[in-house]
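Novice: Sequence first, predicted coordinates after that:
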Amino acid sequence: MQVDLVGGYYDSGDHVKFGFPMAYAVTMLAWGVLEFEKEMVAANNHQRALDAIRWGTNYFVKAHTEPNVLWVQVRTSHIGPMEIPGPVRPAELKRC
């Protein structure tokens, strides 16, 4: 299935977009803009913050492709470091 899910934010450098952590991050950013709007304007970061919020919210609109469908976990399909065999990384170690 081809779905345009460009946008949004990846989680922790692993090429995966997790919907709930992203929603939390965008919500907290929006709340921060509401609480500290004057300070953000004074620091010349208000528009930048609004653009970051828009980038995340536009992704969520695109991820809602049908009335009862919401894409909540998306992985990039390109071959990258996680697919290349090599030494075990600490993140891959499992407790026995």
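Specialist: Good, I have the coordinates.
Novice: Quick one: the strands in this structure, in order.
Specialist: Using DSSP state E, the strands of the chain run over 16-18, 73-75.
Novice: Check which helices and strands the last one is in contact with.
Specialist: The elements that strand 73-75 packs onto, with contact taken as 3 or more C-beta pairs under 8 Å, 6 or more residues apart in numbering; DSSP states H and E, are strand 16-18. Every C-beta, even on glycine, is put in place using the N, C-alpha and C of the backbone.
Novice: Buried ones in the strand it packs on, by neighbour count?
Specialist: Along strand 16-18, these residues count as buried under the neighbour rule (16 or more other C-beta atoms under 10 Å): 17-18.
Novice: Packing partners of it?
Specialist: strand 73-75.
Novice: Can you name the residues in contact with the strand it packs on?
Specialist: With C-beta atoms under 8 Å, 6 or more residues apart in numbering as the contact definition, strand 73-75 has outside contacts at 5, 8, 15-19, 63.
Novice: farthest pair in those residues?
Specialist: Across these, the longest distance by C-beta to C-beta is 16.4 Å; it joins 15 and 63.
Novice: okay, the two: which has more neighbours?
Specialist: residue 63 (20 against 16; other C-beta atoms under 10 Å).
Novice: Contact partners for the more buried one?
Specialist: For residue 63, counting by C-beta under 8 Å, 6+ apart, the contacting residues are 3, 5, 8, 19, 70-72, 74.
Novice: how does it look with 6 Å?
Specialist: Contact partners of residue 63, counting by C-beta atoms under 6 Å, 6 or more residues apart in numbering, are 5, 70-71.
Novice: Turn the contacts of strand 73-75 into JSON lines, columns for distance to residue 40 and pLDDT.
Specialist: Shown next, in JSON lines, are the contacts of strand 73-75 (distance: C-beta to C-beta, whole Å; pLDDT from 0 to 100):
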{"residue": "5", "distance to residue 40": "29", "pLDDT": "84"}
{"residue": "8", "distance to residue 40": "22", "pLDDT": "88"}
{"residue": "15", "distance to residue 40": "30", "pLDDT": "75"}
{"residue": "16", "distance to residue 40": "29", "pLDDT": "82"}
{"residue": "17", "distance to residue 40": "26", "pLDDT": "86"}
{"residue": "18", "distance to residue 40": "26", "pLDDT": "87"}
{"residue": "19", "distance to residue 40": "26", "pLDDT": "88"}
{"residue": "63", "distance to residue 40": "27", "pLDDT": "90"}
